[in-house]
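Student: sequence and predicted structure are below.
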Amino acid sequence: MSDVLITTGDLRFVGRLEREQAPQTCRYFEAQLPYTTKFIHSRWSGEGCWVPMGDEAMPFGFENATSYPAPGQMIFYPGGYSETEILLAYGGVSFASKLGQLAGNHFLTIVEGLEQLPVLGKRTLWQGAQELLIESLV
């Protein structure tokens with residue numbers, strides 16, 4: 001089942017929320033839709049695009065957490081040791097901050113458009129921040 005449309009420039013991705021594995025994270029994120037922000041390239045984690053959210057407190061903790069999201073997996077770090085953030089892996093990722101290894105909740109998986117992920121990653125790395133819109137398909 002597809003739940004969200006992710007748009008950044010001319011790139012379109014369809015994603016599935018991982019409601020069974022990360023129910024609290026998904027409920028929180030769905031309440032934020034449509035979600036508009038910018039992707040920037042990750043600083044420490046490898047081939048990922050991320051959304052820094054500062055010290056914003058989240059109403060959920062860790063669930064379905066991973067340090068190694070696969071390409072097309074989006075994780076949500078609810079804060080604690082480092083700032084709150086969302087990260088989309090477009091290649092190899094070892095999720096970390098300046099304080100060391102982190103784990104984020106895998107809450108969304110891209111199910112259509114995976115072949116465009118390297119384009120998104122390269123644009124974000126070489127051209128800078130990319131506009132991002134995530135909206136519900138239901």
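Tutor: Received the coordinates, thanks.
Student: partners of C49 in the sheet?
Tutor: According to DSSP bridges, H41, L88 are recorded as the beta-bridge partners of C49.
Student: apart from its chain neighbours, what residue comes closest to P59?
Tutor: Counting by CB to CB, 6 or more residues apart in numbering, the nearest residue to P59 once its immediate chain neighbours are dropped is Y28, at 6.1 Å. Every residue, glycine included, has its C-beta placed from N, CA and C.
Student: show me where this structure has helices.
Tutor: In order along the chain, the chain carries the following helices (DSSP state H): 23-32, 117-127.
Student: quick one, which of those gets closest to I6.
Tutor: helix 117-127 (9.5 Å; CB to CB).
Student: on that earlier part again, mind checking which of the helices of the chain is nearest Y68?
Tutor: Nearest to Y68 among the helices of the chain is helix 117-127 (15.9 Å), distances taken as CB to CB.
Student: ok, L120 - contacts?
Tutor: For L120, the set of contacting residues under the criterion of CB atoms under 8 Å, 6 or more residues apart in numbering consists of 8, 11, 39, 49, 88, 90, 130.
Student: isn't the last one up against G9?
Tutor: Yes: with the criterion set as CB atoms under 8 Å, Q130 and G9 qualify as a contacting pair; they are 6.2 Å apart.
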